[in-house]
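Undergrad: just coords:
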C-alpha cells in the first residue's frame, strides 16, 4: 500500500474525529448535518477500500507516529474487523442520509451542531475500537464512543431517555472498568498491550492465575457492553427512548463492536494459551445464548411499543451470534460473524421503517400504527421485507446466516440437534411478533386522529427500502459477507501466536 492508501486505517478514525469540533461551529444546523454526512460517507468509502484490500489478500496496517509494534500503537485491518468497519460506517451513513428530517424534528436547532459532533465522536470511537491492535487503545476508543452515545441517546425530546441513559452510563462504566482491570492484569504479567504480542507472551507466563482472572474480567466487561443476556438491561430502554436515527445507528453496530472485541480477545489471546479455556468460554456463553433466544423472544411477543419490541428482538439476535461463536468451530464462528452483518441489515431497515411510521402515525405503539398499511403502503412494505429477513425466510440475508448457524449446530454433534431446534423455535417466535405488527397495520382500524396522514418524508422511505432491498440482495448473492465471515473464522479458530 502506497501514498494516501497507506494511511487509510488512520484516516478512518481521524476524519470523523477532526470533523467533530468543526461541526460544533457550523451555523445553520443544515451545514452541521452536511459536514457530518460527508465525514461519515468518507469513512464508509475508506472502509470499502480497506475491505477490497483484505479480499485481495492484503493486511492493511498503520504504525501511529512510525513507532514499530509492539512499542507503538498499530492499526490493523483484516477479515475479522473489516466486516465490523463496514457495519459501523455504513449504518452511520444510511441513518444520516435518510434521517435528516427526523433529526430536525426531534433535536432543537440550536443543539443540533452539538448533537452531530457527538455523532461523529461515536463513529470515530466505534471505528477506532475495531481497527486498533492495542488493548488499552480499545479502552480509550470505548470511552469516546460510550460518552458520545450517552449524549446521543439523551438528546431527544423524550425525557424518559434520561433515566434510560443513566442506567446505560452506569452499566457501561462497570463494563469498561471490568475490561480495564483485565487488561491491567494481563499487562502486569506480559509487559505489553499489543494484542498480537500479548498472545505470544501469555504463553510464556509461568503463573497463569492472574491471566485466568483477567479473562474473567474482560469477558464479563465486554459481555455487558455487548448486551449479552442477562447483562442486557440497559438496552431496551436506551433503544426505545433514543431519537429514532440514533436507534438506527446504535442498533445496527454498537453491541456488535463490543462482541467483536470479546471474540477477538478470547480466540486470539486466551484460548491458544490457557488449557480448557475454550470449554469454559463455551460453558459461559452457550447457556446464556439459549436463554437470550427464548426469554427475549418471549418478551418481544407481548410488547406493544415497536421500538421496545425490536430492542428485545436485538437481545435475542445477539443470542444467535454468541451461540455461533460458543460452538468453538470454524462453521460456528462463520455463522456468528455472518449474523452480525445480516442482523445489522435487517434491524437497520426495521428501525428506519419504524421512524417512518412515527412520522406518519404520530407514534410507534401498535394502536397508533393501526391501519398504517393502507395509509403508508411503501413504509409497511419495507417493514415487512426487513421482517422477513429477521425471521430468516429464504431469499433474504437473515436466511443465509441462520442456515449457516443451523448447519454448524447440527454438525456440532451431541446435543447439536437440540440447539438447532431452539434456533427454529425462536425463528417462529420472531414470525409471531413481526406478525403482530403486520396484523395491526394491515387489518386494524385506523385511529380517528390519523385521518389525512400519509407517507413519511421521502428520504426516510427511500432509506428504509434501500436497506430492505439490501437484505434481499445479500440473501440472493451473499458472497461478500460469507467470504469475509469465512476468512474471519479461519483467522480466529486457526490462530497461533
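TA: Yes, it's here. Just so it is clear, the model here is predicted, and its values are computed rather than measured. Numbering: from 1, shown residues only.

Undergrad: Point out where this structure drops to low pLDDT.
TA: Scanning the chain for pLDDT under 70 picks out 1-4, 29, 448-453, 495-497.

Undergrad: buried set for the longest helix seen in it?
TA: Longest helix in the chain, counting residues (DSSP state H): helix 330-361. Neighbour-count burial for helix 330-361 flags 331-361 (criterion: 16 or more other C-beta atoms under 10 Å). (Glycine included, C-beta is placed from N, CA and C.)

Undergrad: so how far is it off the chain centroid?
TA: 9 Å (C-alpha atoms, centre = their mean, to the nearest Å).

Undergrad: now stretch 185-198
TA: That offset, for stretch 185-198, works out to 27 Å (C-alpha atoms, centre = their mean).

Undergrad: can you give me the end-to-end distance of stretch 289-301?
TA: 18 Å (C-alpha to C-alpha, to the nearest Å).

Undergrad: where do the helices sit along the stretch 201-350 of the chain?
TA: 209-225, 235-241, 244-265, 277-291, 297-301, 306-326, 330-361 (DSSP state H, counting those that start in this stretch).

Undergrad: Quick check: nearest residue in space to residue 161, chain neighbours excluded?
TA: Sequence neighbours aside, residue 241 is the residue nearest to residue 161 in space, at 3.9 Å (criterion: C-beta to C-beta, 6 or more residues apart in numbering).

Undergrad: In this structure the one you found contacts residue 152, no?
TA: No - in this structure, residue 241 is not within contact of residue 152 by C-beta atoms under 8 Å, at 11.6 Å.

Undergrad: contacting residues for residue 150?
TA: 165, 168-169, 172 (C-beta atoms under 8 Å, 6 or more residues apart in numbering).

Undergrad: mind checking how far the host helix or strand of it is from the chain centre?
TA: Using DSSP states H and E, residue 150 falls within helix 135-153. Counting by C-alpha atoms, centre = their mean, helix 135-153 is centred 14 Å from the centre of its parent chain.

Undergrad: For the remainder of this discussion, apply numbering that starts at 152.
TA: OK, 152 is where the count begins now, so the last one is helix 286-304.

Undergrad: still on that earlier bit, how about the contacts made by the residue nearest to residue 312?
TA: 304, 307, 309, 311-312, 315.

Undergrad: what's the distance between it and residue 319?
TA: 10 Å (C-beta to C-beta, to the nearest Å).

Undergrad: neighbours around the residue lying closest to residue 352 once chain neighbours are set aside, how many?
TA: Leaving aside its sequence neighbours, residue 352 sits nearest to residue 341 (C-beta to C-beta, 6+ apart; 3.9 Å). Using other C-beta atoms under 10 Å, residue 341 is surrounded by 22 other residues.

Undergrad: How about residue 157?
TA: Around residue 157 there are 12 other residues, counting by other C-beta under 10 Å.

Undergrad: Equivalent analysis for the one 3 residues further on, please.
TA: Counted with other C-beta under 10 Å, the burial measure for residue 160 works out to 28 neighbours.

Undergrad: Could you verify my assumption that it touches residue 215?
TA: No - counting by C-beta under 8 Å, residue 215 is not a contact partner of residue 160; they are 9.6 Å apart.

Undergrad: which residues are common contacts for the two?
TA: By C-beta under 8 Å, 6+ apart, the residues touching both residue 160 and residue 215 are residue 226.

Undergrad: And the helix or strand hosting residue 195, what's buried?
TA: Using DSSP H and E, residue 195 maps to helix 180-206. Within helix 180-206, the residues that qualify as buried are 180, 183-184, 186-188, 190-195, 197-198, 200-202, 204-205, counting by 16+ other C-beta under 10 Å.

Undergrad: Repeat that for stretch 344-364.
TA: 344-353, 359, 362.

Undergrad: OK, contacts around residue 582?
TA: By C-beta under 8 Å, 6+ apart, the neighbours of residue 582 are residue 542.

Undergrad: Could you do residue 554 as well?
TA: Contacts of residue 554 (C-beta under 8 Å, 6+ apart): residue 543.

Undergrad: For residue 616, see how far away it is.
TA: Distance from residue 554 to residue 616, by C-beta to C-beta: 25 Å.

Undergrad: again, but for residue 373
TA: 35 Å.

Undergrad: Contacts only, for the most centrally placed residue in the chain.
TA: Central residue of the chain (C-alpha atoms, centre = their mean): residue 404, 2.2 Å from the mean position. Contact analysis of residue 404 by C-beta under 8 Å, 6+ apart lists 235, 238-239, 242-243, 277, 495.

Undergrad: go again using 10 Å as the cut-off
TA: For residue 404, the contact set (C-beta atoms under 10 Å, 6 or more residues apart in numbering) comprises 235-243, 273-274, 277-278, 281, 411, 491, 495, 498-499.

Undergrad: same check, this time on residue 161
TA: Residue 161 sits next to 197, 213-215, 224, 226, 279, 282 when contact means C-beta under 10 Å, 6+ apart.

Undergrad: how about stretch 581-597: buried residues?
TA: 581-582, 584-585, 587-588, 591-592, 595, 597.

Undergrad: Where does residue 213 sit: helix, strand or coil?
TA: Of the three states, residue 213 takes strand under DSSP: H, G, I helix; E, B strand; the rest coil.

Undergrad: Dig out what it forms beta bridges with.
TA: residue 226 (DSSP bridges).

Undergrad: so what's it up against?
TA: 152, 157-164, 224-228, 282, 284.

Undergrad: switch the cut-off to 6 Å
TA: 160-161, 226 (C-beta atoms under 6 Å, 6 or more residues apart in numbering).

Undergrad: just residue 195 next, same as before
TA: Residue 195 sits in contact with 240-241, 244, where contact means C-beta under 6 Å, 6+ apart.

Undergrad: about what we covered before: and the residue nearest to the centre of the chain, how far from residue 339?
TA: Distance from residue 404 to residue 339, counting by C-beta to C-beta: 32 Å.

Undergrad: The helix or strand following the helix holding residue 301 vs helix 286-304, what angle?
TA: Going down the chain from helix 286-304, the next helix or strand is helix 312-341, by DSSP H and E. With axes from the mean of the first three to the mean of the last three C-alpha atoms, to 10 degrees defining the directions, helix 312-341 sits at 180 degrees from helix 286-304.
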